[in-house]
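Participant: Need coordinates for the below:
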Amino acid sequence: MANWCSNMVVFEGKPEAITAIQEVFQMMKNKEETSEQGQLPDFITEDNGGYFFNIYWNEGDEGVFQYETKWSPNTEAVRLIADRYGVEFTQEYEEMGNGIYGKTIYSEGILHDTALTDEDLEQFHYNEETDHYHFEGEEYESDSEILEMLLTRKLAIL
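Facilitator: Model prediction:
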């Protein structure tokens with residue numbers, strides 16, 4: 001059974017392009033609900049992989065989608081969507097079972113992917129006795145804030 005990677009992608013571009021992308025995601029969502037299988041847009045071939053599962057978005061948030069993929073982010077599929085509609089995107093992804101946490105920015109045809117490494121993840125630890133994470137002398141109830149700090153620091157270096 002696959003580990004599920006949580007993804008959020010934000011497309012930016014001309015309003016008509018964002019509307020067209022919204023329609024693509026709506027079609028994939030409808031097909032998934034009917035078939036109970038992950039989906040790809042019709043213009044992306046199966047050999048590219050990166051199926052979209054459990055697609056959703058908040059009402060009124062055009063161009064902002066959340067979904068799951070198996071094992072890792074589907075950045076290549078998202079890039080193909082962006083290229084087809086002439087837009088840019090930011091994709092955030094997380095699958096902590098395999099230590100995957102990062103952000104991809106696609107702008108002006110250039111893809112920048114920044115992900116935490118094992119070395120980054122070794123900077124904090126979980127204490128079962130206190131039910132807290134420990135990082136740089138502080139305690140945290142969740143690792144989310146720590147992960148975001150580490151990624152923000154890494155992005156600032158670029």
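
Participant: where along this protein do the strands fall?
Facilitator: 4-12, 53-56, 64-70, 88-95, 100-107, 110-115, 124-127, 132-135, 138-140 (DSSP state E).

Participant: Would you reformat these as JSON lines and include mean pLDDT?
Facilitator: Shown next, in JSON lines, are the strands of the chain (pLDDT from 0 to 100):
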{"stretch": "strand 4-12", "mean pLDDT": "98"}
{"stretch": "strand 53-56", "mean pLDDT": "97"}
{"stretch": "strand 64-70", "mean pLDDT": "97"}
{"stretch": "strand 88-95", "mean pLDDT": "98"}
{"stretch": "strand 100-107", "mean pLDDT": "98"}
{"stretch": "strand 110-115", "mean pLDDT": "97"}
{"stretch": "strand 124-127", "mean pLDDT": "95"}
{"stretch": "strand 132-135", "mean pLDDT": "96"}
{"stretch": "strand 138-140", "mean pLDDT": "96"}
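
Participant: Which one, of these, ends up nearest to residue 47?
Facilitator: The closest of those to residue 47 is strand 64-70. By C-beta to C-beta, the value is 15.4 Å. Placement of C-beta: from N, CA and C, glycine included.

Participant: need the strands of the chain in CSV with distance to residue 150 and mean neighbour count, can you?
Facilitator: CSV is the format used below for the strands of the chain (distance: least, C-beta to C-beta, whole Å; neighbours: other C-beta atoms under 10 Å):
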stretch, distance to residue 150, mean neighbour count
strand 4-12, 17, 19
strand 53-56, 26, 16
strand 64-70, 22, 20
strand 88-95, 12, 20
strand 100-107, 8, 19
strand 110-115, 10, 13
strand 124-127, 8, 12
strand 132-135, 9, 17
strand 138-140, 12, 12
